[in-house]
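Novice: coordinates only, sequence not included:
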């Protein structure tokens, strides 16, 4: 079973993601902030994918994902989602850090296609932009 970490502070968005991903056999850990995650993301915790919102209380989702990538904590797909259309241009080095950038709102088909690409064919993964 694939294990996914979702960091999203909006209760409605968490509910939507839970609904969109419920048809799959993913084990999903939902967190509301990066601060909740810092103690759980460690060498002993294995995730197959991390999906984080950009706008979070405290540290941004991008700062967190950048930290994971640069420290080499987990060599897994990293996806950032946001409704802020300017966020992508505000994130320096985004192409080297993220495997995908997801613009809200998104459809079930978009999430299914993206997760299928990033989770089921890791050797053939390419940088993916949806939205």
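Specialist: Great, that's in hand. Quantities reported herein were computed from a predicted structural model and do not represent experimental measurements.
Novice: When you work out contacts or count neighbours from here on, use the C-alpha atoms and nothing else.
Specialist: OK.
Novice: List the buried residues in the helix or strand where residue 68 lies.
Specialist: Here residue 68, judged by DSSP states H and E, is contained in helix 61-71. By neighbour count on 16 or more other CA atoms under 10 Å, the buried set for helix 61-71 is 61, 62, 64, 65, 66, 68, 69.
Novice: Just want the most central residue of this structure.
Specialist: Centroid-nearest residue in the chain: residue 51, 1.3 Å away (criterion: CA atoms, centre = their mean).
Novice: With residue 64 as the reference, measure out to the residue nearest to residue 10 when sequence neighbours are not counted.
Specialist: Using CA to CA, 6 or more residues apart in numbering and skipping residues adjacent in sequence, the residue nearest residue 10 is residue 32, 7.5 Å away. For residue 32, the distance to residue 64 equals 13 Å [CA to CA, to the nearest Å].
Novice: ok, now residue 6?
Specialist: Remark: distance between residue 6 and residue 64 (CA to CA) = 12 Å.
Novice: For the nearest residue to residue 77 once chain neighbours are set aside, give its distance to residue 90.
Specialist: Leaving out its chain neighbours, the residue that sits closest to residue 77 by CA to CA, 6+ apart is residue 49, at 5.0 Å. Going from residue 49 to residue 90 by CA to CA gives 23 Å.
Novice: Enumerate residues external to stretch 25-33 that contact any of its residues.
Specialist: 1-10, 14, 37, 56-58 (CA atoms under 8 Å, 6 or more residues apart in numbering).
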